[in-house]
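A.B. asks: next comes the sequence, and after it the predicted model I'd like to discuss.
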Amino acid sequence: MADNANQARDASEDASRESALPWSITLPVAVGVFLGAMLLGLLLLAYANGQKNIAETTAAETRPQRSLPAAGSAEAVVPPAVVETASVLPKLPGLIEANRLRLKTACIAGTVGHRRSNGWVQAVDDNAPRRCVATSQ
């Protein structure tokens with residue numbers, strides 16, 4: 001009789017093992033993947049914050065300290081280098097005006113563009129786009 005009880009218990013354990021087998025593997029794997037993704041996210045966040053802090057301290061060390069002009073002063077807010085650069089840049093019509101007048105050169109998004117048979121090509125000097133100032137749209 002004890003033998004029959006053991007067989008019945010073994011049969012019920014086998015049935016419960018077979019029914020729980022997919023979840024007994026899937027759940028721990030899913031939890032492991034979830035925890036791994038969370039850990040990776042936290043590490044990337046910490047790395048990004050560290051890089052930002054390094055960049056801020058480096059910029060603060062290299063940036064000269066200037067005092068801001070008073071609110072009522074006549075001192076210009078725009079640095080002189082920006083004004084000089086803007087006056088040197090070529091003044092060209094914008095894309096719409098250049099298309100209307102069938103011009104070969106236009107200022108597109110602040111860079112010089114040349115008309116080609118299949119569209120516009122950006123002008124490049126020393127691997128950098130040539131800058132310009134648009135006189136129209």
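C.D. replies: Cool, the structure landed. Remember, it's a predicted structure, so these values are computed and weren't measured experimentally. Numbers count the residues shown, from 1 in each chain.

A.B. asks: which stretches of the protein form strands?
C.D. replies: Here the chain has its strands, by DSSP state E, at 91-92, 105-108, 111-116, 119-122, 124-125, 128-129, 133-134.

A.B. asks: and among those strands, the most buried is which?
C.D. replies: strand 105-108 (a mean of 20; mean count of other C-beta atoms under 10 Å). Any C-beta I mention is one placed from the backbone N, CA and C, and that applies to glycine too.

A.B. asks: got the CA coordinates for that strand in CSV?
C.D. replies: The C-alpha trace of strand 105-108 is given here as CSV (Å, rounded to 0.1, in the frame of the first residue of the first chain):
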residue,chain,number,x,y,z
THR,A,105,24.5,80.2,-56.3
ALA,A,106,22.3,80.6,-53.2
CYS,A,107,22.6,80.8,-49.4
ILE,A,108,20.8,77.6,-48.1
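
A.B. asks: please report how far V133 lies from A48.
C.D. replies: Counting by C-beta to C-beta, to the nearest Å, the separation of V133 from A48 is 36 Å.
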